[in-house]
Each structure stands twice: as structure tokens, then as C-alpha cells.
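> just a sequence and a predicted model for now, questions to come.
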Amino acid sequence: MIKDKHMPALQGMFPSWITSCSSDGEPNTTVISQIWYVDENHVALSFQFFNKTKKNISENPYAYATISDPSTLKQYNLELKFDHEETEGELFDEMDMKLQAIASMTGMTGIFKLRAADVYKVISISE
Amino acid sequence: MSVCMDKISQSKNELENIKILLDRKSKEIEIIKQISNQINKSLDLNLIASSMLSLMNEFFGFKHSMILLVSENKKHLNVLETYGYEKRGIGAKVEFGVGVIGIVAEKKKLMRMANLGMQRSYMQAIREQVQITNKNKLQDKVELPGLKNAESQVAIPMLIDNELVGVFSVESEKMNIFDKSDEILIGILANQTASALENARLYQLEQKRLKELNKAHQELESLNINLEKKVEERTSELKTLSEKLSKYFSPQVYESIFSGKLDVKVQTKRKPLTVFFSDLQGFTELTERLEPEVLTELLTQYLTKMSNVAIKWGGTIDKFIGDAILVFFGDPNSRGDEEDAIACVSMAMDMLEELNKLRISWRKKGLAKPLNARMGIHTGVCTVGNFGSEDRLDYTIIGNGVNLASRLEARAGINKILLSEDTYLLIRNKIICEKKEAINVKGISYPVQTYEVVKFSQENDNLIERNIPGLSLSIDKSEIEDNKIAIKVVSEVLKDLKSKS
Amino acid sequence: MIPNLTINALEQGLGHFGVSSKNNKTVHVDTLGVKIDNIQSTLTCFVINSECKNVLQYLSESGRVSFFVGMISHEAYNFKGQFVSSEKLNNEDLNISENYRNNVIDVITSVGLSKDAALDKFGKVPDLGITFKVDKVYIQTPGPDAGKEITNSETK
């Protein structure tokens, strides 16, 4: 589902935005710094601390996200369904690396912890 | 028909795409080749690094980049070369695990950071929050080499066999740097550079080691030379010292000490020795009459001559006491009691002859009064060895035997040798003696029978020696060329003497 | 209702308009300008109809809105509320949108994004206005107050 052309939009070079929904139907639209490529059919979000999106997902696994190619500003919309959490492995390490790099530059080593890599199944991707 | 056209168009597109891909691949290979060539030309670390960085700008438009190398202790990185920065920042340090470069070094994985501005502000905002609640958990912000306001950064580990050699970092104030498809190519180039840098580093290390080796070699050589010189100097010093010392020892004692046969400590033994005593009659008066220099010269001549004789016969010179001489035979070396005794008496006789010659030469020099010797010899058990304290030793003999020899000397006639019976019994087969009176010696319960030396059993009849107060007669018939003249001389003297009485 | 402190962001930030369906499915669309009514109780978001996919559909089902605006400086707010109506845009609206879009293009090119890309995205003229009543406003700026609701006492 995810193709080569989508890859530049999954580098974290331009923010993404995601809309989730609580069990009682209230939508929540917010901006996140990066949606990570996992494989053809999966993407991931980093989970650092509890927020509205995480809460919503725990009640309702469906979400809608938009990623942008930083050089063309072309957008791709993804329908997502939360699949599982990962607390170790390559994906987690990659996310963690990035987090640590920034944290260390702002003197925040050890404060910012990556709790998990939240993996979502890509139901559809459209332009 | 239109389906056909579509298909053709599609194929055409595909061909186009393949062509573009091929072109791209060719270009990539070309880039690899060029950069490879350039960086492998040199063994200079800095040159390799700066070539690589400027080529990266040429091919990829990387305006700000740097290469860092892992430190010797493998705990941090140091900036080797930079490109496109105002301050070159060479040598700046980055700890493993800090910042993009530090994390890449730690994890040995490529990392791409974009939107740094947003992420920094985000972190900064969080930091402010933490400041309120948990200040002590915060660390100081780190000053890292690079652009202050980089928006994007890519750091690539430079590996050889999965060992980290360094990190290649590219920054930009713009948000986008390069394609993911370029990632592989740049990874290849980074590792190529790693190889070239490692080669250069090893080469430098090799050169350094070689230099150190040469230096060490030279130092060793000069050390050797110095050592040799020192040894030479020391040896010569020792030689001089030992030569000086030897003058204070009897040669046999000296020899014994140096050969190690004689231990330098308080140690004595009792053994039979033949002891010789002599002194000069009338010497004391001379000391009052002569100038010190003349006296010293006289004494030196005498003692030197007598020493030589003693050494010649193998005697151990114990000491000089002014004009008195003490010599003993039988220690440290012995040829047997009999031989030692014979040697001692022979030495004494030889000494008398030498003294006679000296007398003649002194008279010529103006010494009116002739010097005469008295000698005493005894053979008996004495205690011999190193006497004294731990720090000051004297190799000498003590005992009744020594006393007796000295008493004999006192009782001897002018220019005569007086022997004890013990000595006489040992030498009587070789040397003719005249029996004299027995004397009483303190410390010896019985009276000691004495004998006076006359001559060797087969004496040389060529020599005539007569000495009385006022008369010193010495004739060596073997030296007389014309006997008639000799007779004439003696006759004239006789005539003169007769006229006086 | 709409706090004064959010006005700057509304006028200059990037906006994302999100809605939910009766089955709790979600969708969103980007806005190209915003109009604040004169009593500051509703917002009209300018969008392109063809990009709206299921937005209007979902609005008709539940009518619940989450409208996020964020500045390049990361100052951001979330406006939650109830759908009111959708209508064509008048000249005033188009003017607001044009000014907004020109400003955004300037801002994002200043941070290094391509001018062409910016024009591509923000050069399009919106053709639809979606109005919703604002019930609650939350601070979304990363920091100590993130997630906090801006209450009545702070609206002025």
C-alpha cells in the first residue's frame, strides 16, 4: 500500500496531523512531528506520554492521518487502525535514537522516555 | 486500436523510467569512482577528509558538512575537518550519545533529523515544564559543533567491518537535505572514506612508531657508547687506585686480597713462620744531623732496595718502622718450613750485600758515617692474619715468635744475622753458621741458643767483606781487571795504617 | 467564547478541520483561511469542496468538530464545537482567504520550503465555508499548559 513516492512524507521533515475519536464521538485533531514507516501496510506513531490521541485510540482504534512530502507539499491521507504497541526492536530503537538525540541537545537526557512505538495498520492511502 | 496505443504509451513510459534509473545508477557509479580515486590518493588524514567534503558539495550540494573521528580511547569523537562553516571547529569534541552525531556514533546507524527547529522548540517547552517540577533531573544544554539553527541534519556512521571509525554529518538551514535513494550511495561513500581514513591513520601510526623506534635505537647506541666510556674511565680509576693501594701492602697480601684468596675481615690463624727483623745502627743520630729531604731520600733508597730484596726472595713485608723492617715467610704462601727459612736467611744475606753497595754510593755522596744493619731471624708458630677493628685492618703477625726475632736482632752484631736454634736447624745444610751464646728472652722460659750466619755452604770466594768501626772493606775479585793494581792499592793502605800505630 | 489570545493563530496559522461520523470514524481537511464572527462565538473555515471527501457527510451525522490551528512557532490551539452550517463564500471571505494564504506562503518559504510547493498548496482558492459554534478551546502549544482548556475568565 505504501509506495516509494510516499517515503519522503514519512521522514518527519514536515509535520503530520491526525484525527482520532473518543468512544462518545468527540473528534480530536492534532499535529504530530512524524509518522514512521514500518512496512508496506503499517506505520507507527511514537508514544511518549499520555495525550488525547492515545486516550481516544484506547477507546476507538480508528484514526485519519495526513502526511506531506516536504519538497512538493503534496499530501497523502491515510485511514489507520491501531494494531499493537512495541516496546523493543528495530522500530522502537530508531524512534528512541531520534528522541535521545534531541533530548540530549536540550539537556533532557533521561527525562524524555519513549514509552512505546504504536503500530497502525494502513487501511487505505489516497492523495 | 486505442488499447494498443495505450499499451505502447505505457511501454514507452516504462522504458523512460528504466532509462532514468540507468542514468542515475551510472551517475552514482561515476560519483563513487571519482570520490574513491580522490580520497585514496592521499595518506594525509586531513587532506582525505577535506577532499571528501568538498566533493560531497560538488555532487550533492552539501553546503555544511563535517567529518569526525573516533578518539584513541574510543569514548568520544573529535572534529577532523569541516566544510562550509565560519569557524573551522577542528578538534571540537562530541561525546558518544549526545546530539545527532553522538547518537549515531553510539548506535552505529544512520540518522536523519528534520524539522529540528520545531523539535527543539518542542523540547525546550517541555524543558521549561520540567524546570518547574523536577529541576535536578535536567542537565546543562550542550554546545555542539555545527550550525546553530540547523533545520535538518543527517549523520552517517563510517564503518570498517562494523567498527566505528568516525561520523560524517551534513546540516542544512533548509528543511530538506536529500532523498532516501541517495542514502545508500552516501553510505557507500562514507564507508569508503572510512577505509581511506583508517589507512591514513594506520600509516601515520606506523610512521610515528618508526620514528620512535629509530629514536630508541639511537638512544640505545649513545647509551652504549657512554657506558663503554664510563666503564673505561672507571676501570682506569680503579687501576690507578689499586696501584696506589698496592704500595701499602706486601705484594703477596695485595695479591691475595685482589684474587679473593684473602678475605677482608678480622681473621687470623696460627702457623709456623720464619720471622725477620732488621734495623740500621746509628740511624737515629743521622735524623738529628741531616736535612729532612736528604734523610727522606736516604731512607727511601734503603727501604726500596731492601723491599725489592724481600720481594725477590718471596717474603711478606709486614711493616717498616722508620728504618726497621719486619718481614715474614710462610704466609700467605708457603713453600714449606725449610724452604721458607732458607729463603729468609738468603734474603737477609742478600740485604747485607745491597746495603754494602748503598754504603759506597752514600759515601761518594758525602755521607761520612757508614750505615750498618743488624738482623734477627726466628722460626716458630705465630698468629697471622687480619687484626684490628671491623673498619680498619692490619695484616700482621703477633706472638712470642715475633718477640724472639726482635730480641735476636737487638743482640746481632754489626752487619750480622743472628738466628734462633729453630731456624738454624732448618737451614744448617745450606748455610754455614757459627754457634753463639744462649740468650734469655722475656716470655720464653728456656734460654734460646743463637747462631750467627757466616756464609753459604758454597759461597762465592770472590767476595771479601770486612766491616769494623771506621773500616768498611768490600772486594769482589771477579770484578778486578788487574790483580796487580788491586794488590798495590791494598798495600798502600796497609802501609798507611801501619805508620799510624 | 473565542479568546483574544487565539486570534493571531487563527489568522496566521495552518488549520486542520476534523470531524467524526456516527460510527466514530474520522476525517479532516485543511483550511485556507478563517473568519471569526463579530461576537466571537463561531468560526467559519474556508475549504475546497472537492477535498472534503466525507467531511460534510460526517457533519450531517454527528456535527462534532475539532479544529486545530498551529503556528510555525508552535503556538497552537484546538477549538471544539458543533457544526452550524455550510455556505458559499462571499467577497469578504475570499479577501480574508487571499490575505491569509499570501501570508502563509511567505512564512513557509521563509523556513526553506519550496515556493512552488507553497504556491501549489496555498494558491488554490477555497469555495466553501463551514461554520461551527465554538464550545471549548484548548491550548496545544507544547509546554506547561498543553491540553489545558482556556476558560471564560481568560477569554478577553
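Perfect, thanks for sending it.
> biggest helix in the chain by residues?
Went with chain A since none was named. When chain A is parsed with DSSP state H, its longest helix is helix A:90-105.
> other chain: chain B
Counting by DSSP H, the longest helix found in chain B is helix B:180-246.
> list phi and psi for B:Leu290.
With angles defined as degrees, to the nearest 10, B:Leu290 sits at phi -90, psi 160.
> what's the closest non-adjacent residue to residue 61?
Using chain A here. A:Phe82 (3.9 Å; CB to CB, 6 or more residues apart in numbering or on different chains). In this view, the C-beta of every residue, glycine as well, is placed from N, C-alpha and C.
> switch to chain C, that's the one I care about
Excluding its sequence neighbours, the residue lying closest to C:Glu61 (CB to CB, 6+ apart) is C:Lys22, at 4.2 Å.
> equivalent analysis for B:Leu144, please.
Nearest non-adjacent residue to B:Leu144, counting by CB to CB, 6+ apart: B:Gly99, 4.7 Å away.
> pLDDT score for that neighbour?
For B:Gly99, the model assigns a pLDDT of 85.
> chain center to stretch B:229-249: distance?
Here stretch B:229-249 is found 17 Å from its chain centre; the criterion is CA atoms, centre = their mean, to the nearest Å.
> give me the buried positions along that stretch.
For stretch B:229-249, the buried set under the neighbour-count rule, 16 or more other CB atoms under 10 Å in any protein chain shown, comprises B:Phe249.
> dump it to PDB, restricted to CA.
The C-alpha coordinates for stretch B:229-249 follow below in PDB (Å, rounded to 0.1, in the frame of the first residue of the first chain):
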ATOM      1  CA  LYS B 229      83.300   5.200  28.100                       C
ATOM      2  CA  LYS B 230      82.200   5.200  31.700                       C
ATOM      3  CA  VAL B 231      83.500   1.600  32.100                       C
ATOM      4  CA  GLU B 232      86.800   2.700  30.700                       C
ATOM      5  CA  GLU B 233      87.000   5.600  33.000                       C
ATOM      6  CA  ARG B 234      86.100   3.600  36.000                       C
ATOM      7  CA  THR B 235      88.500   0.900  35.100                       C
ATOM      8  CA  SER B 236      91.300   3.300  34.700                       C
ATOM      9  CA  GLU B 237      90.300   5.000  38.000                       C
ATOM     10  CA  LEU B 238      90.300   1.600  39.700                       C
ATOM     11  CA  LYS B 239      93.600   0.800  38.200                       C
ATOM     12  CA  THR B 240      95.200   4.000  39.500                       C
ATOM     13  CA  LEU B 241      93.600   3.500  42.900                       C
ATOM     14  CA  SER B 242      94.700  -0.100  43.200                       C
ATOM     15  CA  GLU B 243      98.200   0.800  42.100                       C
ATOM     16  CA  LYS B 244      98.300   3.400  44.900                       C
ATOM     17  CA  LEU B 245      96.900   0.900  47.400                       C
ATOM     18  CA  SER B 246      99.400  -1.700  46.400                       C
ATOM     19  CA  LYS B 247     102.100   0.400  47.800                       C
ATOM     20  CA  TYR B 248     100.700  -0.100  51.200                       C
ATOM     21  CA  PHE B 249     100.600  -3.800  51.000                       C
END
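> lowest confidence element among the helices and strands of chain B?
In chain B, no helix or strand scores lower on mean pLDDT, DSSP states H and E than helix B:116-133, which sits at a mean of 71.
> so what does that helix touch, helix or strand wise?
With contacts taken as 3 or more CB pairs under 8 Å, 6 or more residues apart in numbering or on different chains; DSSP states H and E, helix B:116-133 sits against helix A:90-105.
> thanks a lot, see you next time.
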